[in-house]
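A.B. asks: everything below, folded, please.
(chains A and B)
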Amino acid sequence: MARHLITSAIPYINGIKHLGNLVGSQLPADLFARYQRARGHEVMFICATDEHGTPAELAATKAGKPVAEYCAEMHEVQARIAEGFRLSFDHFGRSSSEQNRKLTQHFAVQLHNEGLLREVSETQMYSPTDGRFLPDRYIEGTCPNCGFEDARGDQCDNCTKQLDPVDLINPRSVISGATDLEMRETKHLFLRQSTLKDKLDAWISSKADWPLLTTSIAKKWLHDGDGLQDRGITRDLSWGVPAQFEGAPWSGMDGKVFYVWFDAPIEYLAATQEWADKTGGDWARWWRTDRGAEDVTYTQFMGKDNVPFHTIGFPATILGSNEPWKLVDYIKSFNYLNYDGGQFSTSRGRGVFMDQALELLPADYWRWWLLSHAPESADAEFTWENFQVSANKDLADVLGNFVSRITKFTRSKFGEAIPEGGEWGAREEALTAELTTRIRAYEGHMEAMEVRKAAAELRAIWVAGNEYLQGAAPWTVFKTDPEQAAAIARLALNLIPIYAVLSAPFIPDAAEIMLKAMQHEDRSWPSDVAAALTALPAGHSFATPDVLFRKITDEEREEWQTRFAGRRQ
RNA sequence: GGCUAGGUAGCUCAGUUGGUUAGAGCACACGACUCAUAAUCGUGGGGUCGGGGGUUCAAAUCCCCCCCUCGCCA
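C.D. replies: This is a model prediction of the structure:
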């Protein structure tokens, strides 16, 4: 039995994520976790909310709530939605946890002890009215290049020129509109990533089997321009892990916190500690190679925007600490999912968000479409037409109708029990052989995290059932040889629990319904197809299930298309 | 502007280290079946593999130039 540590990139706390975010990390991670569990392996599947930083503070202010309260509420909202999508986290943590505060501070001290931190003084815009330093993009003013009045401190949206906030004419705070901005000197801790460059480079270079998307982004950061740059890991904010604390080997960091991208990945470890504190489990055997994690396989899932932090920043923290922490073994990264010819947009209300999706249809519909169209090799596109056609064809017609036709046929001819009599012939042997080949291929794709290919193979396995029934035609055979028709029905009914177990990682709810209908509790993997096809013996009773997947109508599709098109600006 | 990844049938996508008539699903046409959610199964039509040039006995696959999308960065 292997041990799999699996983490999904942690979603930011401010607001509900859209389907593109879901398919980029949490959903494929869940697919992999469910598959590995189904194969009998031990799995620790971790996710959390990323709660620190300026956007969270601003969102809380907008909602008229203290930031801690806001985050607590939004965490619950995201946790409920995750349950709705059947994301099977062993723990869904919070980066604002006590465990993460301690661990983040521990890593900072450790990096300091290893000589990997340095203090840097710089000047930044300070707003006395807001009582805080302002990040570049929270300053607006007139562009010195084109005269555009709402240019942001980092870039002018009109002429696209890169800017420095000090260049803006009449700069003002985006938060309060205050114009009494001033330059102030401030001190920060920088992680000396540059000294770890060769180590990181060698590590990335050793990962020849990683997705090209992952390694090419990492190599770009390592080699582009002047090479890997040192990075500030503190910020002038109040909401975050305090950078000045009891036992800190530095001073003068009062009122500063660690940068979210420093503490967020550490939350993977901290969330496992949260799990351990809650359950009495042992977190160290998952994360400390000196305490049992030597044989753990660690896989991370994320969208391509998160790759730099997971290939450079976080490994720099882990390697730099010089402590025996478990380093990631495989990084599965995804491209973006676009929405009907453009991007999903939170501000414009464009596209489908996770809570809305669940109001329209059960999770399985979304899970199936998103995973079978996962943006693995390139950006992918969600269209309502494609969603309707795929869901109706694959789920309702191919799988759902298969279950329906054989259970109803059997019920009408033999009653609601596995019928007795008849023998297997060449057709049954051929089906067994085909299923064996296809299931082995499916396993290979799942192991390799080839999500789309796995979905295509699973669909082919469903189709094989329909092909068999169509060829064997028990409704015709029944007229002359009821015993033989019984043998056909018996085999076809036995396909249902096999399909349930194989399909569960993609569509867990439907899988449960299928198993329940067949009154079968055994979820073991069909490694031996011939044996699995006789698991339900003659005489075993079953219940004919309701329609597994209802179809999406044209009217619904059109209505949703309009509803989620977004507000025109 | 630099870098990454792409541009393959009407649509969504596969195409391993260059090698026989370029594949799948959907859509479309025809046929079979009537157990089933007007579902299923079979057959078929359809592509100058973004454009141009080159290497090769042979290129969607390698090299050069150009065009177009997407993202990252400056």
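
A.B. asks: confidence score at the closest residue to RNA strand B within chain A?
C.D. replies: Nearest to RNA strand B in chain A, going by CB to the nearest atom of the strand, is A:Gly400, at a distance of 1.9 Å. From N, CA and C alone the C-beta is placed, and that goes for glycine too. Confidence at A:Gly400, expressed as pLDDT, is 96.

A.B. asks: ok, now A:Gly566?
C.D. replies: pLDDT, read off for A:Gly566, is 62.

A.B. asks: can you pull the contacts of the closest residue to A:Leu431 other than its chain neighbours?
C.D. replies: Nearest non-adjacent residue to A:Leu431, counting by CB to CB, 6 or more residues apart in numbering: A:Tyr468, 4.9 Å away. Counting by CB atoms under 8 Å, 6 or more residues apart in numbering, A:Tyr468 makes contact with A:Arg427, A:Leu431, A:Leu491, A:Ala492.

A.B. asks: using CSV, list the CA coordinates for the helix or strand where A:Tyr468 lies.
C.D. replies: Here A:Tyr468, judged by DSSP states H and E, is contained in helix A:451-472. Extracted in CSV, the C-alpha atoms of helix A:451-472 (Å, rounded to 0.1, in the frame of the first residue of the first chain):
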residue,chain,number,x,y,z
VAL,A,451,-7.4,13.5,-16.9
ARG,A,452,-9.0,13.9,-20.3
LYS,A,453,-7.6,10.6,-21.6
ALA,A,454,-8.9,8.9,-18.4
ALA,A,455,-12.4,10.4,-19.0
ALA,A,456,-12.4,9.2,-22.7
GLU,A,457,-11.4,5.7,-21.6
LEU,A,458,-14.1,5.6,-19.0
ARG,A,459,-16.6,6.7,-21.5
ALA,A,460,-15.5,3.9,-23.8
ILE,A,461,-16.0,1.4,-21.0
TRP,A,462,-19.6,2.6,-20.7
VAL,A,463,-20.0,2.3,-24.4
ALA,A,464,-18.8,-1.3,-24.3
GLY,A,465,-21.8,-2.2,-22.2
ASN,A,466,-24.2,-0.7,-24.7
GLU,A,467,-22.4,-2.5,-27.6
TYR,A,468,-22.6,-5.8,-25.7
LEU,A,469,-26.3,-5.4,-25.1
GLN,A,470,-27.0,-4.3,-28.6
GLY,A,471,-25.2,-7.3,-30.0
ALA,A,472,-26.5,-9.9,-27.5
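
A.B. asks: give the rounded mean pLDDT of it.
C.D. replies: Summarised as a single mean, pLDDT over helix A:451-472 is 93.

A.B. asks: low-confidence stretches in the stretch 151-300 of chain A?
C.D. replies: A:154-163, A:224-226 (pLDDT under 70).

A.B. asks: can you give me the strands in it?
C.D. replies: For the stretch 151-300 of chain A, the strands defined by DSSP state E, counting those that start in this stretch occupy A:151-152, A:169-173, A:182-191, A:231-232, A:234-235, A:257-258, A:296-303.

A.B. asks: JSON lines for these, including mean neighbour count and distance to RNA strand B?
C.D. replies: As requested, the strands of the stretch 151-300 of chain A are exported to JSON lines (neighbours: other CB atoms under 10 Å; distance: least, CB to the nearest atom of the strand, whole Å):
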{"stretch": "strand A:151-152", "mean neighbour count": "23", "distance to RNA strand B": "13"}
{"stretch": "strand A:169-173", "mean neighbour count": "16", "distance to RNA strand B": "20"}
{"stretch": "strand A:182-191", "mean neighbour count": "16", "distance to RNA strand B": "15"}
{"stretch": "strand A:231-232", "mean neighbour count": "16", "distance to RNA strand B": "11"}
{"stretch": "strand A:234-235", "mean neighbour count": "25", "distance to RNA strand B": "17"}
{"stretch": "strand A:257-258", "mean neighbour count": "24", "distance to RNA strand B": "20"}
{"stretch": "strand A:296-303", "mean neighbour count": "21", "distance to RNA strand B": "9"}
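
A.B. asks: so which of these is nearest A:Gly64?
C.D. replies: For the strands of the stretch 151-300 of chain A, proximity to A:Gly64 was assessed by CB to CB; strand A:169-173 is nearest, at 19.1 Å.
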